[in-house]
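Undergrad: what shape does this take:
(one chain, ligands or ions: 1)
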Amino acid sequence: MTIETILISLGIGLVVLILFLIGFVILRTALYSPPQKKVAPRDFVAIDGRSVAERLGLAVQYRTISDLDPSKIDGNSFLGLHRLFKTLYPQVHDKLKVETVNDYSLLYTWEGKNPDLKPIMLISHLDVVPADESEDGGWTYPPFSGEIADGCVWGRGTLDIKNGVIGIIEAVEYLIKHDFEPERTVYLGFGHDEEVGGKNGAAAIAALLESRGVELASLLDEGGTVIDAFLPSVETPVGVIGISEKGYLSLRLSVLVDGGHSSMPPQETAIGILSRAISNLEGNPMPAHLEVVEFLMSYLGSALPFTQRMLFANTWLFSGILKKQLAKSSMLNASMRTTTAPTIINAGVKDNILPGKAEAVVNFRILPGDDLRSVYEMVLERINDERVVVSPLEGETLEGESGWNPSPVADTESPYFTRLERLVRQAFPGSLACPYLVLGGTDARRYAPVTGNALRFNPVQVSREDLQGMHGVDECLSIENCAKMVSFYIAYIEEISSLTDEEDLVSEEADVSEDIETELDALHAEEDLALTDEEKAAFQAALSKREVDQTSGEEEPSDGE
Ligand SMILES: [Zn+2]
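TA: Next up, the predicted model:
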C-alpha cells in the first residue's frame, strides 16, 4: 500500500464519518419534539364578560396596596374588599366557610363530598403594587378607577391579580348556583401581601392548613398565562404553566478600610475594592444549565424554525453555541442560570473625603439545581477578596427573609398537570401549552409544606405589551378575557375537583386534631362585613350601570352550553 492509497482511504473514511454525523444530526432534528397532539374541542360555559369586568372594576377601586411595614397598610381597603365580595357573591359566602387570616387574607373552604380524596386549592392575592395617580403618572384612565372603556377594564390589579381572585370567586358562585357539588374539598386562598413576599398572607394560610393536617393534591396560582409571541421565533400563542419558581438570595457586600483625605489616596480604596467585587460577579455569571430550557423546548420544538430545532435536538453537539445564543435573551438567560443583579450601592458623602465604608446589595435568583449554599460559595469564589465581607441582607442565616431555595418542581406526568394543559389548549384554541420555570416570585412557594404540586397559570391571553402593564402603567384586561377566565375556572374546578384517582387518597398521618382546629378558628374569627356608606354608593352606582346594560340586551352570567 502506498502512502497515496492510505491517504485516499483516510479521506474517504473522514467523508463517510462527516456524512454519518450530518445524517445523525438531521435524523435527531426530524425526530425531535413531535407536534402537540390535537385536543378534542370542549364546550365552555358562556359568560357575560362585561358584567365580570364591572365587578372586577369595583374590586380595583379598593387601594389594597401592600407594604413590608404592616403599619403602612390601609386596612380599610382590604376590609372593604372583603365586604364587596360578600355583597357580590352571596352564594359563596353562604355555602363556603370563610376565615380571615392575619386580618386581611381570606381562606374559603368548600367541603367536598368525598373526604377520602385530597383537597385541591386555587389561590391568588388581594394586594397590588402602588400606582402613580398624579396627572402625569402616564395612566390613560386613573389606576384605581376600574373604568370600563375601549373593550377593557382598566386599573391596578386587573392583570396582577385581582382578575384571578374575581375569576375564581365568580366561578364558584356560578357552580353553586348550578347545584354543582365537588367530590374533593376545594380551598380558595387570597393573601394580602404577595407583592412584599407573602409572609403574613400566603405563608400564614399555608401554616393554618398544615396545622389542620391538610395535604393538597394540587394548587393553582398565578404565574403563566397564554402569551402571544412567547418566543421570538414562535408565532403560535403559548400557554405557559409554571411548575416551579426560582429561589432568591440578597447578599450585602461590605468593605471597611481606613478612610482619609482624598489628596493622598492609598492604592486601593473602599469604592475601588467594592467595584472590583461587583465587576467580578457580573463578569463571571453563574454557570449555565440547559435542562430547564430543553424541557420547555421538548414541548414547543415542533414550532421552532429548523436551525433552532436542530440545535435543541442535538445539545450533545451544540450546547456551547446554544448557551451563547440563549444568553442574549434576558428571559432565556434567566431560565438557564442563577442570575446576578447588583441592586443597591452606597459609599461616600463628600467629594474630598475617602469613605471608610462602601456597601452594595446583589440579588440572585436561584435556578433549581443550585441552592443558597452553592450560590454563596460561588459568590465568594468570584469575589476572591477577603476584604469584601459577604453577608445575608437580613438576618444571620442565608435562609430567611432575604433568601430561599427554589421551590419543588411539580410533576408534569400527574393528572393535575396533564388535565390543566389540555384545558388550556381547549380554552385557547390554536395555542400550544408547555411547562416553564417562573422567574419572579409568587405566593405558591409558600404552600410547599402542603403540596409538591403547585401549578402557576392564570387563564387569560395577553401580548408581551399587555404584560408591561403589570407593575407598570395602563394595566388592563379585555372584556373577552374576563369572560374566558371565568369559564375556564368553572371548567377547571368541575374537572379537577371530580378527579377520583385511587392513588391519590389522603394519607393516614394527615388526620386532624380537633383541638388545634378549634383553637385556630377562634384566632381567625370572621370579621364584621357591613358596607361603609362610601362603598355602598360606589357599589350602587355600578349596579345601576349594570341594570342599564341588562335592559339593553346584556345578560348576567348564563350557562350557555
Ligand atoms: Zn401577582
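Undergrad: what ranges do the helices span in the stretch 201-350 of the chain?
TA: 202-211, 270-283, 291-300, 306-313, 315-326, 330-334 (DSSP state H, counting those that start in this stretch).
Undergrad: which residues sit against the last one?
TA: Counting contacts by CB atoms under 8 Å, 6 or more residues apart in numbering, the residues outside helix 330-334 that touch it are 246, 288, 293, 326-327, 339, 365, 439. The way it works is simple: take the backbone N, C-alpha and C, and place the C-beta from them, glycine included.
Undergrad: residue 470: which of these is nearest?
TA: Checking the contacts of helix 330-334 against residue 470 by CB to CB gives residue 439 as the nearest, at 13.0 Å.
Undergrad: if we can go back for a sec, who wins on neighbours among the contacts of helix 330-334?
TA: Neighbour counts for those (other CB atoms under 10 Å) peak at residue 246, which has 25 neighbours.
Undergrad: please state the backbone phi and psi of that residue?
TA: Backbone torsions for residue 246, taken as degrees, to the nearest 10, come to phi -70, psi 160.
Undergrad: now it, nearest residue through space, not along the chain?
TA: Spatial nearest neighbour of residue 246, excluding adjacent residues (CB to CB, 6 or more residues apart in numbering): residue 365 at 4.4 Å.
Undergrad: so that neighbour lies in a helix, does it not?
TA: No: counting by DSSP: H, G, I helix; E, B strand; the rest coil, one finds residue 365 to be strand, located in no helix.
Undergrad: relative to residue 197, how far out is it?
TA: Counting by CB to CB, to the nearest Å, the gap from residue 365 to residue 197 is 14 Å.
Undergrad: then residue 420?
TA: Using CB to CB, we find residue 420 at a distance of 26 Å from residue 197.
Undergrad: higher neighbour count, the two?
TA: residue 420 (24 against 21).
Undergrad: mind checking the SS state of the more buried one?
TA: Look at residue 420: counting by three-state DSSP, its state is helix.
Undergrad: now distance to residue 107 and mean pLDDT too, for the helices of the stretch 201-350 of the chain, in a markdown table please.
TA: Listed next are these as a markdown table, based on distance: least, CB to CB, whole Å; pLDDT from 0 to 100:
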| stretch | distance to residue 107 | mean pLDDT |
| --- | --- | --- |
| helix 202-211 | 5 | 98 |
| helix 270-283 | 41 | 98 |
| helix 291-300 | 32 | 90 |
| helix 306-313 | 43 | 90 |
| helix 315-326 | 41 | 92 |
| helix 330-334 | 33 | 92 |
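Undergrad: so which of the ones you listed gets nearest residue 86?
TA: Of all the helices of the stretch 201-350 of the chain, helix 202-211 sits nearest to residue 86, with 18.7 Å by CB to CB.
Undergrad: what separates the closest one from the chain centre, distance-wise?
TA: The chain centroid and the centroid of helix 202-211 are separated by 19 Å under CA atoms, centre = their mean, to the nearest Å.
Undergrad: hmm, back to that, quick one, which of the helices of the stretch 201-350 of the chain is packed in tightest?
TA: Comparing these by mean neighbour count (mean count of other CB atoms under 10 Å), helix 202-211 ranks first with a mean of 22.
Undergrad: helices or strands up against it?
TA: Applying 3 or more CB pairs under 8 Å, 6 or more residues apart in numbering; DSSP states H and E, one finds that helix 202-211 contacts strand 97-101, strand 105-110, strand 120-125, strand 186-191, helix 514-523.
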